[in-house]
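>>> sequence and predicted structure below; questions after.
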Amino acid sequence: MPHLTSTHTTTHATGLQTGLGIPGFAHPLVAPAEWAELTRPRTAPLHWVVLNVADGPGSRPDPHCLEAAGRLRNAGLRVLGHIDATYGARSFGEMVSDAQRYLDWYKVDGFLLDRCPTERTALPEIRRTVTTLRAIRDDAHVVLGHGTHPYPGYAESADQLVTFSGPWSDYRWSQVAEWTADYPPDRFCHFVHGVPGPHLDEALRIARWQGAATIYFTDRTDRGGRTDPWETMPGYWDEIVSRIGTGVSE
């Protein structure tokens, strides 16, 4: 298998435990059980949860999202505001405005720049954006949601990069970029949908071999791009939490 060819895990044998990153459930009114589940005790670490109110922070504070974010913060969980970079099409001012509203209304701990560009030419503007995000919140945790391997320079501009986001049919044959071996696993995230329950262990092994410490796997699918597979919890939520918590992927 192509993912077996990487030397990544021999370069960084850190033993860091895999944890969950939640790409963003549906609105708390639509998915109340999902949001409630996140604050219950679990064996697996939850690295962060993305709050996406209305393709961003929305035009005014949402009381249901305020309550959900408050419960997560009270449970000691990191909440990230969702900012759509639109592959570099959105302006610096628009993204910073979104970030400021997330901070003012929801007191977020950082940001996911979704649909982040990957090209070298776009790096200076993304670096400028990240620098400003950290200026308006000193300890902001910033994740760049590329969904694929970007130009290596992006790894120096954020806390984490999403280097895979897509279906299991692609992930099981994916290859890791060689430059990622220069960084520890806690710099990389993988989001995979359509993972069948019987292949959960295999998916966890791929994440370990490719050096991604933050993961989210679900059996939900995007139905050919017609639905958001991250909006609901996977049918095997308890199982994946248990497997990660007991270190099965190690």
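On my side now, so go ahead. Numbers count the residues shown, from 1 in each chain.

>>> which helices and strands sit right next to the longest strand seen in the chain?
What stands out as the longest strand in the chain, according to DSSP state E, is strand 160-167. Helices and strands touching strand 160-167, as assessed by 3 or more Cβ pairs under 8 Å, 6 or more residues apart in numbering; DSSP states H and E, comprise strand 141-145, strand 188-193. C-beta here means a position set from N, CA and C on the backbone, and glycine is covered the same way.

>>> run the angle between it and strand 141-145 for me.
Compare the direction of strand 160-167 with that of strand 141-145 by axes from the mean of the first three to the mean of the last three Cα atoms, to 10 degrees and you get 40 degrees.

>>> check which residues of strand 160-167 are buried.
Using 16 or more other Cβ atoms under 10 Å as the test for burial, strand 160-167 gives 160-166.

>>> export those residues to TSV and tack on distance to Pro150 and pLDDT?
TSV is the format used below for the buried residues of strand 160-167 (distance: Cβ to Cβ, whole Å; pLDDT from 0 to 100):
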residue	distance to Pro150	pLDDT
Gln160	12	98
Leu161	7	98
Val162	10	98
Thr163	8	98
Phe164	12	98
Ser165	12	98
Gly166	15	97
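
>>> residue contacts, Pro229?
193-194, 218, 220-222 (Cβ atoms under 8 Å, 6 or more residues apart in numbering).

>>> could you export the helices and strands packed on strand 160-167 as a markdown table, including distance to Arg40, mean pLDDT and mean neighbour count?
Output for the helices and strands packed on strand 160-167, formatted as a markdown table (distance: least, Cβ to Cβ, whole Å; pLDDT from 0 to 100; neighbours: other Cβ atoms under 10 Å):
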| stretch | distance to Arg40 | mean pLDDT | mean neighbour count |
| --- | --- | --- | --- |
| strand 141-145 | 23 | 98 | 24 |
| strand 188-193 | 22 | 98 | 25 |
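
>>> could you dump these to TSV with distance to Val30?
Below are the helices and strands packed on strand 160-167 laid out as TSV (distance: least, Cβ to Cβ, whole Å):
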stretch	distance to Val30
strand 141-145	22
strand 188-193	18
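
>>> give me the number of residues near Asp139?
7 (other Cβ atoms under 10 Å).

>>> CA-only coordinates of stretch 142-153 in PDB, if you can.
In PDB, the C-alpha atoms belonging to stretch 142-153 read as follows (Å, rounded to 0.1, in the frame of the first residue of the first chain):
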ATOM      1  CA  VAL A 142      -4.600  28.300  14.400                       C
ATOM      2  CA  VAL A 143      -5.300  25.400  12.100                       C
ATOM      3  CA  LEU A 144      -5.000  25.700   8.300                       C
ATOM      4  CA  GLY A 145      -7.600  23.600   6.600                       C
ATOM      5  CA  HIS A 146      -5.900  22.800   3.300                       C
ATOM      6  CA  GLY A 147      -7.400  19.300   3.000                       C
ATOM      7  CA  THR A 148      -4.200  18.200   1.100                       C
ATOM      8  CA  HIS A 149      -0.500  18.800   1.400                       C
ATOM      9  CA  PRO A 150       0.300  22.400   0.800                       C
ATOM     10  CA  TYR A 151       3.600  24.200   0.000                       C
ATOM     11  CA  PRO A 152       5.900  23.300   3.000                       C
ATOM     12  CA  GLY A 153       6.200  26.900   4.100                       C
END
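
>>> how about the strands in this protein?
Along the chain, the stretches classed as strands by DSSP E are 19-22, 46-51, 79-84, 110-114, 141-145, 160-167, 188-193, 214-217.

>>> tabulate these (a markdown table), appending distance to Ile206.
Formatted as a markdown table, those follow (distance: least, Cβ to Cβ, whole Å):
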| stretch | distance to Ile206 |
| --- | --- |
| strand 19-22 | 16 |
| strand 46-51 | 18 |
| strand 79-84 | 24 |
| strand 110-114 | 22 |
| strand 141-145 | 19 |
| strand 160-167 | 9 |
| strand 188-193 | 8 |
| strand 214-217 | 10 |
